[in-house]
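**Student:** Here's a sequence, model it:
(chains A and B)
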Amino acid sequence: MANPKKVLDFLDITGNWDPSLLLVMGGAVAVTLPGFLPFKNKISAGKTKVDWPLLAGAAIFGIGWGIGGYCPGPALTALSNLSADVLVFVAAMVGGGFLAKIAAPAGPGA
Amino acid sequence: MNNFTPLSALAGGVLIGLASVWLLAANGRIAGISGIVHGLFAQPPGDRTWRVAFLAGLLVAGFLWLAFFPGGTSSERNLAAMAFAGLLVGFGTRMGGGCTSGHGVCGLGRLSLRSLVAVIVFMAAGMLAVFITRNFF
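**Tutor:** Coordinates of the predicted model:
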């Protein structure tokens, strides 16, 4: 997931589609699904309703993910490439978080 | 599909899952990277130590990987596009309360309806963005 090409190839369903990311997500959820069970009481009850900030936020994130090919975690790992594009991406990502807080101070926060 | 790498993908996914279970078990926290990053800059400052430790792990892992498997990857986009993309990712993950790790790996793992909806929406939005950028730019 730290390789933008793999990410964009996964999202490119009308092109030369690469399903690898499906297995990353599948492998991870196959572990968290049973792994979280003993610790359910540690998870604080958050929101349960699907609301507009969730839908709009997810859509905005998805567009950025599809343009840059990075989501937050892999972008941080890819900082080790020491290339300008990832540095710019991560700096803008932190800035985007600030903007969202200014736009909706009472939003979900984190 | 000549670019399909099932084994490394599955192994990487399992490791991400194990890390998420470990963080919840050891620290009582959900491994949502966007939330961990945004929380780092929250005011008033709160529980920063574990956030810094977790993010430092992500960074060090990147360098370790390159030490064993030299040759980094690069993006297909120019710097302006990467800045715009980062802005959208930061804004969207904070507004929507999660990314591929928080809503994806962890949210789906705890059967959250909000997270399932978020995953479907950001995957669809990402596919649309790739379709437009790769076909019309």
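
**Student:** For the residue nearest the centre of chain A, which non-adjacent residue is spatially closest?
**Tutor:** Centroid-nearest residue in chain A, with Cα atoms, centre = their mean: residue A:71, separated by 4.2 Å. Closest residue to residue A:71 apart from its sequence neighbours, by Cβ to Cβ, 6 or more residues apart in numbering or on different chains: residue B:100 at 4.5 Å. All C-beta spots, glycine's among them, are computed from the backbone N, C-alpha and C.

**Student:** now residue B:72
**Tutor:** Distances taken as Cβ to Cβ, 6+ apart put residue A:81 closest to residue B:72, at 3.5 Å, once the chain neighbours are dropped.

**Student:** what's residue A:32 in contact with, if anything?
**Tutor:** The contact partners of residue A:32, taken as Cβ atoms under 8 Å, 6 or more residues apart in numbering or on different chains, are B:17, B:20, B:21, B:105, B:106, B:108, B:109, B:110.

**Student:** Verify the contact between residue A:19 and residue A:9 for me.
**Tutor:** No - with contact defined as Cβ atoms under 8 Å, residue A:19 does not count as touching residue A:9 (9.2 Å).

**Student:** separation between residue B:108 and residue A:30?
**Tutor:** Separation of residue B:108 from residue A:30 (Cβ to Cβ, to the nearest Å): 10 Å.

**Student:** where does chain A have low pLDDT?
**Tutor:** A:105-110 (pLDDT under 70).

**Student:** So which residues of it form helices?
**Tutor:** Listed in chain order, the helices of chain A (DSSP state H) span A:4-11, A:20-35, A:52-68, A:72-77, A:84-103.

**Student:** cool, and chain B?
**Tutor:** Along chain B, the stretches classed as helices by DSSP H are B:6-27, B:33-40, B:49-68, B:79-96, B:108-109, B:113-136.

**Student:** Format these as TSV; extra columns: mean neighbour count and distance to residue A:64.
**Tutor:** Output for those, formatted as TSV (neighbours: other Cβ atoms under 10 Å in any protein chain shown; distance: least, Cβ to Cβ, whole Å):
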stretch	mean neighbour count	distance to residue A:64
helix B:6-27	18	20
helix B:33-40	24	11
helix B:49-68	14	19
helix B:79-96	25	3
helix B:108-109	22	21
helix B:113-136	19	8
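
**Student:** Save the ones you listed as TSV, and put in distance to residue A:91 too.
**Tutor:** Formatted as TSV, the helices of chain B follow (distance: least, Cβ to Cβ, whole Å):
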stretch	distance to residue A:91
helix B:6-27	24
helix B:33-40	12
helix B:49-68	14
helix B:79-96	7
helix B:108-109	29
helix B:113-136	21
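
**Student:** Quick one: closest of the ones you listed to residue A:24.
**Tutor:** helix B:6-27 (4.0 Å; Cβ to Cβ).

**Student:** I would like the residues contacting the closest one, please.
**Tutor:** For helix B:6-27, contacts defined as Cβ under 8 Å, 6+ apart pick out A:1, A:20-32, A:35-36, A:38-39, A:42-43, B:29-31, B:50, B:54, B:101, B:105-106, B:109.

**Student:** go again using 6 Å as the cut-off
**Tutor:** With contact meaning Cβ atoms under 6 Å, 6 or more residues apart in numbering or on different chains, helix B:6-27 is reached by A:20, A:23-24, A:27-28, A:31-32, A:35, A:39, B:29, B:31, B:50, B:105-106.
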